[in-house]
Structures are given as C-alpha cells and as structure tokens.
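only geometry, no sequence info:
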C-alpha cells in the first residue's frame, strides 16, 4: 500500500517489511522491494489544491473540489457544521469506479447540522463560520489547508504538512483495451510500476491478497497548536498519554487475537476506537476518524522552541512560541470521514463524542458486582461447589461464568450433556441465591450439517464468503468453522432470535452472554484473523470493515437479550472486540493478560484510555488470565479490580485453581475485604454509571479530567478518580511498604478512606501500605452514598440501609448525589421509575432534596448512618428535621483528634426530603 511508505517513518518501513497489509508479520528486515516502493513514492510526492470556484453551499454542507497537481484527478470535499461545536470533513473520489466503503451503524442518529456561513476571505481562501461566529474554518486553496480557528486562535490545522493522500480505485490493467492503453499511457505506466511493486497482488506465505481495483489507501495530517498531551485510540497495552512515534512504531488499529500480548507496544490488539483527545491548559479537542479498515496513527510533538511561523500578524504572533503536535492518520481503504470535536472542556468533548456514537448502556445492577470465571468450570457439580465456597467463606459475588467447554463440542447455544445435563436446575440454584450465569457465544460456527445453527445459517447464506464465492472457512475452537456475517442486518436479526428461550434450550432469564474471539479470530489465518479479501454483505471486502466485525456481534447479542424479555430487561453482554460506539451494547475487557505485576500496572492506563473514549464499562481479568499469580499479586489485583468498573476474576485452563479461599485464611480475609469494599460502594458505582449513561461522564477518570487546569495531572496514570469524589492509587509493586500518592488541587483537601487522616492538595504524600491497604482518598466537598450491610449478592442488598460519607471542603461544605431504580428493567427510561436525590452540606446543615422531579420510585430504604470528616468543632446538638416539620435529637460521637462526627441508628428515608442540623 503506497500510502504507508509516504510517511517518512520507520514504522511505515517496518510495517511494509512485515507485510501487515495482508495481515501477516514476518520479521523486521526491510525487503529490497519495499525500499524500492518507498523511494518510488517519495519521488512522486505532489500537493493538492482546493478549487474554490467550485464551492456550493447546501442545507447541510459546503462542498468543493480538491485536485492533485500531478494526477489532476478531482476529489470532493464536504464540510459540515454539527450541533454542539462539531465540524465534519468528508473527502471522497468525485466519481469512483464503484462506491467506497463508508462506515454505517456507528453514528446513533444522523447528526443535526448547523448551517455554516461564508465569511469574507481573500481570493485564495474561504472562511466558514458557525452561527455564533466563535468557531471558523479557514480554507486555503493552494496548497490545500484548513485551519480551525476559535476566538481568533488557530487550534488545529488540517493538511498543513501536505500529507493528504487518496489512492483512486482503478480498472485492472488486463481489462483495458489497447486503445485505452495508448490514450492513457501515464496512468498505465504508473499502474505497471504499481504491479511491479506488488501493490495489486501481495503474496505472503500461503496467503495471496488480491486487490481487485488496486491499492485504495487514504491519509491526512492534523496539526494541534499548543498541544503536547494526547490520549485515546485504544486498544494498546501502552501508557495513557500517547507517545511520540517519530523514532519508532506508529499506533496500529487492527483488531487481533493476541494471547499474552506484549506490554508497552503500539501494535493493535482486540479492539479499535479511532478517536483521539488532545488537552492543554484551557482547551480540549477531539479527532474522531470514522474508518473501520486497518489504520496507523503517527504522532510527532514539536517543542515550542523548534516551532516558529513564517508569517506574522495578530493571530500568528500568539502562536509563535507554542508547541505543536502533528497527528497523521492512515487507513488502508474507505473514505476520509473525520469529526473535529472542539470542546472546549473535557466534559464538552465527552458530550460531543456521545452525541455521535451514543453513551454507555445503563448496566443491570448485578453486573457491577463481582464475577467469577475460569476456562473452565468442569461441570454442574463444580459450579455448585464454587458457588457454595463463596457462601462458606462469606464472600459476596453475583455471577458465575462458563467458558467454551460447557457446550457440546464447541457448538454455541448447546450444553455438554455429560457435564451439564440439567442446566436449568443449575441456574435455579444460582437464582435461589439471587445470582446470575454468563455463558460464552463466539462468532465462529462449527461446520456440521447436524448442528442446527450451522445448517440454518448455511441454508440462508448467512456466512462470510471467500473471494471465490463459497463460504469462508477457518479453524477455531470447534475445528473447521464458518463465520456469521454480522454486517448483514438479516444475520443480526436471525442471531438475536437464537437467544429466545424456545430457541436456546436450557437457558433462563438469569443467563447472560459473553462474546469472545470476535476480532474475528481465525487460528490458521494471517495474523490469526480473516483474510482481507473475504467478502461480506453488500459485496464489501473484509479489509473495509475488519475493525467493526466484533461491534456487530455485540450489537446483535445485546438486541437478542432485549428481545428475549420483550423489551423489558436490560442486557448484559461482555465483548472482547470493539469499535467506536460499542459502549451502547455493554462491557469490554482487556483480553488475555498475564499473571505478572507489570500487567496489573498496565491495566490502569489501558482502562483509563477506554474510559475517556466512551467505554466506561471496562475491566481487566483479576489475577491475570495466563499463569499462576503468587498470593500477594492476587490480593493486590483484587484490591485494584474492586475499584475498577468491570470486576471479574478469570484464568485460562491448566492454571492452578485460584478461587479466593485457596491461598490460606489470611489471604482469604484480604480478598474478602476487597470484594466487600466493592459491594459497600455499589450505590456510588450505580450513580456513576447513571451519569455515564445520561451525561457521558466517564466512571473511571484520569486526573486531568477532574483537574484540567493543573499541568501536573496530565501525565499521571498510576492513580485515577472514580467519579469526582474518590481518588484511587492501587498498589502495583511487590513487597511495597509505601506508595507515593499525588493529591491534586491547590484548594482541595483529601481524606484517607481508611485512617481518616487528611491532607491539603497539590502535593505528593508518602503513604504507608500493608497488604490490607488500598489507598483510596475522598475529595473534600463530596458526599458518597454506601451500603452499611453486605449481602451474598446485590440481590440481597436491595432493601438494606444506606450510609453517607461526608467529606468537607476547605470551606466546610459538601455535595453528592444518589440514584436508584429497580436495577434491571427499562422502566427508569420508559416510565420514569427512578429516584435521583441530591445531598448538600453547608453551614452545619445536611439536606436531602430531589435532583430530578421527573422520576418517581418508592423505596423503604433508610439512611441509618452518617459519617462526617473535616468537622473542626464539636457540636453541642444534632437534630433531624423531616418534611412534615418533625424534629428529633440524634446521639452522636465526635473525635476531636480526627475531626470526625458519626451519627448512627438513624431512620431517614432516602427518597424523601429531610435535613440534619449540626449546631
């Protein structure tokens, strides 16, 4: 693919040399033919210019032509203004031989456009402004460039490095007549060079990737002025802040099944979200590159001292000494379709991105509890024994998981008759303890005419096809398999129907689903995935949509569980492969990690990156999937996992059993305490997921989100915020006796959740840690709701009482919120059956009031305990005041040394108005 060698990077050379474009890695040497391609492409570099006399302004967009100075082949550019300070740029061939792939189904709705107004520009430029006039697009004709200007400051430039690249679809040489050859010798000569360079048909090992219409790659550069901190573009086992790639590998977005993936590596793993955020003091930007083919992202930061402008003027002068980061996106095929999110705040960026791709699905409450998984629990008796073990050791958990061995010969939607002869009885045992079951369902279908799922899909033509027209066949867990074509709406509809109780024999309404291997994984395929010239619905090649394949299975599975309940119940579906928008359908995890300290440590930045790119419901396998963790590592991983959104223990087959009680009583106690802390905080977790669902606020947040004006937070990735109230610093080193915790905010005060000691912000504190220590700090000014008693599972805790943890700010005030609904249905949405309350503490008065009057949800639950930190004066009296005017005195305990006040044995209904007065 020519584009990749146009980038002047070692990455491009390496990736070309390793054959990634047919999806097969071979080594690191640069082949002679690849060098030839690189020199050939560099010598033919040319620029584009915009033909501004072609500008047309329609209801939705402004269109104009761009032309390559060498080929003279025109492109069509469209600029859209979108509601909420978003710009969209689309570039496509004006008259392609056939349609080029445009990613469907990711945008939740057709975005509402804002008419752009053409302002005055000189003869070689065009200025487009939104209605408010504070955001403008300056389009320069020659060479083609777009500057995004906010309040007279250029914040982003497009194609300022002249890296726009667009390979046009071509008619194969052999199909052209002699006459045509004579008439168009320049193109033919070019094509002959391309064929010589192996661009039309690439061979690697036994795989041959035939590009019917030649190479079709695209690329574009973006310069971010004043920015040097970039984040996003998961999934990589890398730091949260994106690294400069000028001296190494580009970030690769290509969904692959990578067992025990290498950490601190930019090669793609299970999922891809082509969305990047840039942050500096005063502004956050986002770039959403809507393309589902294999993609590379290069990042190069130029320090301020190296960057000077040639032109001068009022705008340019401001930028003269600023740093700049250049981002170069390159995709194998499709069109350029990019959304520019202009913020200006992190919160605005999250709203803008969720407007396009949707918010996190509201999870059922049980899914926020602890999940117990292993490849594999052997049989019904094993499930029963493990379930009983949690009760025997007084450890709460909510969900038992079954991996592929529960099926009959890896045939999904079936049960192994010897191991699981009575799956409904097994589920009724779990139901009796208010627990659930999750089973696996992968996209590969065993080729077996006697297997009804296979035979029905085969009969209806529901499998991905090979380039010769037959069903694509590849090897996976069942052996030879075909792969459902989830890009086809009819296939998704049919697959959703497989989850009905009548179709899925042995399933009940407490059974939920896990989609694995959906990159898709093909064991003997190139890079363990599907050949790029496999063919999908609409005659699209797999190369066009590879990264969105798993997204579609996730979508169909979630829809199937909703349909199963006739639209009443929320689904729970975990997926390994994902794309932009996967948050709408459920949860994601970080795949096949390893039981080593370094993987525990890297899980934090991996989850932070997922969280800021829309996927709040994310987690890493506790303990590490591969290998056998020592007891200390297992304890530390449970402690970290308890404070991360998706909380599941998992292990591969042939590892030692590692249920929480198998390492001795002391370690059992420590793991029990970590899990119990998770369950105590469930009211807070549930509120955070409600905020993610309705307002796109990440549950797990890097510090820079909460403290966007504090430069010291921009690179922190060993600690994070849960919502705005809790700071968590997991212990990720063996035999640690202290950890250095950075407490941000010069006007903040932080309280240790265990010792109640407090510190002022904007400092690093050395915290002593024993093996029972989880460094968690509550932010002054916050109120966190908790459960005061812990049950066997979330279902046992629905009516149990609440407590409030009040942490006072430096001004002696605090605020918090609480959300409650039935925990499982859509009635919160359709019938407004929910309770949203607001707590505030000011001048010695704690008030519980309604935060959203649209919601109504009766509850008998009471607040029985209130704990206030930072109260510097011992009160003389404490009284409660109900909405009917009734006043009652309250017994209290005050600790002058720690400045804490404890109120117990209260009975204040959490859903009604009341006040607590402290005098």
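Alright, I've got the coordinates. Since the structure is predicted, the reported quantities are computational estimates derived from the model, not experimental observations. Residues are numbered from 1 along each chain as shown.

was I right about residue 846 contacting residue 908?
No - shown here, residue 846 and residue 908 do not form a contact pair, counting by Cβ atoms under 8 Å, at 9.8 Å. From N, CA and C alone the C-beta is placed, and that goes for glycine too.

Report the set of residues contacting both of the two.
Both residue 846 and residue 908 are contacted by residue 916, under the criterion Cβ atoms under 8 Å, 6 or more residues apart in numbering.

residues touching the closest residue to residue 619 other than its chain neighbours, list them.
Take residue 619 and drop its neighbours on the chain: the residue closest to it by Cβ to Cβ, 6 or more residues apart in numbering is residue 646, 2.9 Å away. Residue 646 sits next to 367, 371, 574, 587, 588, 589, 617, 618, 619 when contact means Cβ under 8 Å, 6+ apart.

let's go with 10 Å and repeat that
Shown in contact with residue 646 (Cβ atoms under 10 Å, 6 or more residues apart in numbering): 363, 367-368, 371, 574, 586-590, 607, 610, 616-622, 699.

Which secondary structure state does it sit in?
coil (DSSP: H, G, I helix; E, B strand; the rest coil).

pLDDT wise, what is it at?
Listed pLDDT for residue 646 reads 99.

How much space separates it from residue 445?
27 Å (Cβ to Cβ, to the nearest Å).

How about residue 277?
38 Å.

the strands in the stretch 301-450 of the chain, which residues?
324-331, 336-341, 371-372, 399-402, 436-440, 444-446 (DSSP state E, counting those that start in this stretch).

The last one - contacts with which helices or strands?
I take that to be strand 444-446. helix 452-459, strand 473-476, strand 479-483 (3 or more Cβ pairs under 10 Å, 6 or more residues apart in numbering; DSSP states H and E).

rerun that using 6 Å as the cut-off
Contacts defined by 3 or more Cβ pairs under 6 Å, 6 or more residues apart in numbering; DSSP states H and E place strand 444-446 against strand 479-483.

After the strand it packs on, which helix or strand is next?
Per DSSP states H and E, strand 479-483 leads on to helix 489-497 as the next helix or strand towards the C-terminus.

who does the helix or strand just after that next one pair up with?
Sequence order places strand 511-515 as the next helix or strand after helix 489-497, per DSSP H and E. According to DSSP bridges, strand 511-515 forms sheet pairs with strand 436-440 (parallel), strand 573-575 (parallel).

Packed most tightly, which of the ones you listed would that be?
Comparing the strands paired with strand 511-515 by mean neighbour count (mean count of other Cβ atoms under 10 Å), strand 573-575 comes out on top with a mean of 26.

same question for that one, mean pLDDT?
Strand 573-575 comes out at a mean pLDDT of 99.

contacting residues around it?
For strand 573-575, the surrounding residues in contact (Cβ atoms under 6 Å, 6 or more residues apart in numbering) are 513, 514, 515, 550, 554, 557, 558, 586, 587, 588.

Low-confidence regions, the chain specifically.
Along the chain, the model assigns pLDDT under 70 to residues 1-46, 121, 176-198, 305-321.

One more pass at 50, please.
1-40, 42-43, 178-179, 182, 185-189, 306-310, 314, 316-319 (pLDDT under 50).

Run the chain-centre distance for the helix or strand containing residue 611.
Assigned by DSSP H and E, residue 611 belongs to helix 597-612. Centroid separation between helix 597-612 and its chain, computed with Cα atoms, centre = their mean, to the nearest Å, is 12 Å.

Show me which residues of stretch 72-79 are buried.
74, 75, 76, 77, 78, 79 (16 or more other Cβ atoms under 10 Å).

out of those residues, which are inside strands?
74, 75, 76, 77, 78, 79 (DSSP state E).

Make a markdown table out of the residues you listed and add distance to residue 343.
A markdown table is the format used below for these (distance: Cβ to Cβ, whole Å):
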| residue | distance to residue 343 |
| --- | --- |
| 74 | 33 |
| 75 | 29 |
| 76 | 28 |
| 77 | 24 |
| 78 | 23 |
| 79 | 19 |
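
now, among the residues you listed, which is nearest to residue 48?
Nearest to residue 48 among these: residue 75, at 7.5 Å, using Cβ to Cβ.

gap between that closest one and residue 340?
Taking Cβ to Cβ, one finds residue 75 at 18 Å from residue 340.

ok, now residue 247?
From residue 247 over to residue 340 (counting by Cβ to Cβ), the distance is 28 Å.

Same drill for the two, tell me which one is more crowded.
Just comparing residue 247 and residue 340: by other Cβ atoms under 10 Å the higher neighbour count belongs to residue 340, 24 against 10.

Contact partners for the more buried one?
With contacts defined as Cβ under 6 Å, 6+ apart, residue 340 is in contact with residue 87.

residue ranges for the strands of the stretch 601-750 of the chain, please.
So, for the stretch 601-750 of the chain - with DSSP E, counting those that start in this stretch - the strands run 618-619, 648-649, 700-701, 720-722, 726-728, 738-743, 749-752.

Likewise for the stretch 151-300 of the chain?
153-158, 165-166, 201-204, 207-210, 218-225, 229-232, 251-253, 275-280, 283-289, 295-302.

Residue 441: which of these is closest?
Per Cβ to Cβ, nearest to residue 441 of the strands of the stretch 151-300 of the chain: strand 251-253, 25.2 Å.

Surely residue 759 is in a helix?
No - counting by three-state DSSP, residue 759 is not found in a helix; it is strand.

Make a markdown table from the strands paired with strand 511-515 and add distance to residue 215 to it.
Shown next, in a markdown table, are those (distance: least, Cβ to Cβ, whole Å):
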| stretch | distance to residue 215 |
| --- | --- |
| strand 436-440 | 38 |
| strand 573-575 | 31 |
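
Quick check: which of those is nearest to residue 655?
Short answer: strand 436-440, nearest of the strands paired with strand 511-515 by Cβ to Cβ, at 17.6 Å.

List the neighbours of the closest one that are in contact with it.
So strand 436-440 is contacted by 366, 399-404, 427, 430, 510-512, 514, 516 (Cβ under 6 Å, 6+ apart).

and if you look at stretch 823-834?
So stretch 823-834 is contacted by 364, 365, 568, 569, 821, 854, 855, 857 (Cβ under 6 Å, 6+ apart).

now swap in stretch 444-457 and tell me
411, 413, 476, 478, 480, 481, 482, 483.

and of the contacts of stretch 823-834, the nearest to residue 463?
residue 569 (30.1 Å).

Can you get me a residue count around the closest one?
So residue 569, with other Cβ under 10 Å, has 15 neighbours.

now swap in residue 115 and tell me
15.

heads up, I number from 46, so please use that
Happy to do that; since the first residue is 46 now, the last one works out to residue 160.

and it, backbone torsions?
Main-chain dihedrals, residue 160, degrees, to the nearest 10: phi -60, psi 130.

ok, it to residue 194 distance?
In terms of Cβ to Cβ, residue 160 sits 18 Å off from residue 194.

try residue 264
For residue 264, the distance to residue 194 - Cβ to Cβ - is 24 Å.

likewise residue 591?
Counting by Cβ to Cβ - residue 591 and residue 194 are separated by 36 Å.

hang on, the earlier thing: which among the contacts of stretch 489-502 gets closest to residue 550?
residue 458 (8.0 Å).

Hmm, the closest one is touching residue 551, no?
No - taking contacts as Cβ atoms under 6 Å, residue 458 lies outside contact range of residue 551: 9.0 Å.
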